[in-house]
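# Just to be clear, the model below is a prediction. Sequence and coordinates:
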Amino acid sequence: MRRFSWVNLLLLFAVLLLVVMPLAFGLGSGEEPFSGADALAEQAIVDDHPDYQPWFSPIYEPPSAELESGLFALQAALGAGLLGYYFGVARTRQRQRDAAGWQRG
Amino acid sequence: MHIAEGYLPPEQAAAWFVVSAPFVVHGSRALVRQIRTDPDSKLLLGAAGAFTFALSALKIPSVTGSSSHPTGTGLGAVLFRPPVMSVLGSIVLLFQALLLAHGGLSTLGANIFSMAIVGPWVAYGSYTMVRRAGGGLGPAVFAAAALGSLATYGVTVAQLALAFPDPASGIAGALAKFGGIFAVTQIPLAISEGLLTVLVVRLLSRTSRDDLRRLGLLRPAAEVRA
């Protein structure tokens, strides 16, 4: 493999390591380990300001945690799908350009 | 960094809308101009939006024992400048507020300010500074994505501290409290985000050399390696 691919793999591996490390070392804390920071902040507000009433509530809320995670998965899939499509198109285009330049060259 | 629906006092929620609106309006104009003057970059624009869309959906565990998500705004900010990114980021936040009950419509102004405005500007500023100092494309993109992500969460901390000062220690105490929840959690995530963005730019430097040259990331000819 060429250096380009090696560095890319190394980058991916480093990201994986960063993600897995907290799990592997069991750093999860609290009642629900690895709960979302957004939810923790909300909880902190509720704890310190018991008289604060949220004055607006979500228009639509996914009925269950399962459906919510499904929608998050959909969001990630749409994003990753489009990104993959882009790379497919761009790669082919670049190859055709290179081939055309080669013939002319 | 999503402040939940209804969790900012009405005046402050409104104030953040007022602050964010000009950036998004100016950004929309910049976006239209970008598409008109450089139609070839449309697909790459979509890819930059897709990157934010995908990354901001991923909750990732962190060393603090909680989890949070990257923002993915650094890539678009470096490629297309922050104004364009402010529009793409706002679209992502709107989607999450409407369909996922994540963030909210009332707090949209505040969330746009942190993720779609300050994050991209800090990312772009970091990128420019590293490049001017003679840094390569890779280090500059890493600094952009990582610092942009951290800045976004820093703004969220400040917004929450302003809205909910600690009963005993005031705004300073609240800064420390919300900072503990968000900032430290975000450090490993910001590094991950930086590395991922560098990976994407490296791939782009192979598949989309012409686009990157036109957008000024690569110098005309030569300098292919990220």
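Cool, the structure landed.

# what's near enough to touch the nearest residue to B:Leu105 once chain neighbours are set aside?
Computed as C-beta to C-beta, 6 or more residues apart in numbering or on different chains, the closest residue to B:Leu105 that is not its neighbour in sequence is B:Ala97, at 5.4 Å. Yep, even glycine has a C-beta here, placed from its N, CA and C like the rest. Contact analysis of B:Ala97 by C-beta atoms under 8 Å, 6 or more residues apart in numbering or on different chains lists A:Pro58, B:Glu5, B:Gly103, B:Gly104, B:Leu105, B:Thr107, B:Leu108, B:Asn111.

# and with 7 Å instead?
Applying C-beta atoms under 7 Å, 6 or more residues apart in numbering or on different chains to B:Ala97 gives the contacts B:Gly103, B:Gly104, B:Leu105, B:Leu108.

# Make sure A:Ala41 is actually in contact with B:Val157.
No: A:Ala41 is not in contact with B:Val157 according to C-beta atoms under 7 Å; the separation is 8.7 Å.

# what touches both of those two?
B:Phe178, B:Phe182.

# what's the domain layout of chain A?
Under the assignment automatic domain parsing, the domains of chain A span A:1-57, A:62-105.

# Tell me which stretches of chain B form helices.
Under the criterion DSSP state H, chain B carries helices at the ranges B:10-37, B:42-55, B:73-80, B:82-99, B:108-111, B:119-132, B:137-163, B:170-207, B:209-214.

# Can you give me the neighbour number for A:Gln103?
Using other C-beta atoms under 10 Å in any protein chain shown, A:Gln103 is surrounded by 7 other residues.

# Please identify which helix or strand holds it.
The secondary structure element spanning A:Gln103 is helix A:65-104 (assigned by DSSP states H and E).

# which helices and strands sit right next to that helix?
Helices and strands touching helix A:65-104, as assessed by 3 or more C-beta pairs under 7 Å, 6 or more residues apart in numbering or on different chains; DSSP states H and E, comprise helix B:42-55, helix B:170-207.

# swap the cut-off to 8 Å and go again
Helix A:65-104 is packed against helix B:42-55, helix B:82-99, helix B:170-207, helix B:209-214, with contacts defined by 3 or more C-beta pairs under 8 Å, 6 or more residues apart in numbering or on different chains; DSSP states H and E.

# Nearest approach to A:Thr92 belongs to which of those?
A:Thr92 sits nearest to helix B:170-207 of all the helices and strands packed on helix A:65-104, at 8.8 Å, using C-beta to C-beta.

# and the closest one, which residues are buried?
By neighbour count, with 16 or more other C-beta atoms under 10 Å in any protein chain shown as the criterion, the buried positions of helix B:170-207 are B:174-175, B:177-179, B:181-183, B:185-207.

# quick revisit: need the helices of chain B in JSON lines with mean pLDDT, can you?
As requested, these are exported to JSON lines (pLDDT from 0 to 100):
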{"stretch": "helix B:10-37", "mean pLDDT": "97"}
{"stretch": "helix B:42-55", "mean pLDDT": "95"}
{"stretch": "helix B:73-80", "mean pLDDT": "97"}
{"stretch": "helix B:82-99", "mean pLDDT": "95"}
{"stretch": "helix B:108-111", "mean pLDDT": "97"}
{"stretch": "helix B:119-132", "mean pLDDT": "98"}
{"stretch": "helix B:137-163", "mean pLDDT": "97"}
{"stretch": "helix B:170-207", "mean pLDDT": "94"}
{"stretch": "helix B:209-214", "mean pLDDT": "92"}
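
# which of the ones you listed is buried the deepest?
A comparison of those by mean neighbour count, using mean count of other C-beta atoms under 10 Å in any protein chain shown, puts helix B:73-80 on top with a mean of 31.

# so B:Leu204 touches B:Leu215, yeah?
No: in this structure, B:Leu204 is not within contact of B:Leu215 by C-beta atoms under 8 Å, at 9.9 Å.

# circling back to that earlier point, could you pick out which of the buried residues of helix B:170-207 are near chain A?
Residues of these in contact with chain A (C-beta under 8 Å from any C-beta of the partner chain): B:177-178, B:181-182, B:185-186, B:188-189, B:191-192, B:195-196, B:198-200, B:202-204, B:206-207.

# Give the residue spans of chain A that score low on pLDDT.
Per-residue confidence for chain A (pLDDT under 70) gives these ranges: A:1, A:104-105.

# Residue nearest the middle of it, spatially speaking?
The residue lying closest to the centre of chain A (C-alpha atoms, centre = their mean) is A:Ala76, at 6.5 Å.

# Now it: closest residue in space, sequence neighbours ignored.
Distances taken as C-beta to C-beta, 6+ apart put B:Ala57 closest to A:Ala76, at 4.1 Å, once the chain neighbours are dropped.

# No further queries at this time; thank you.
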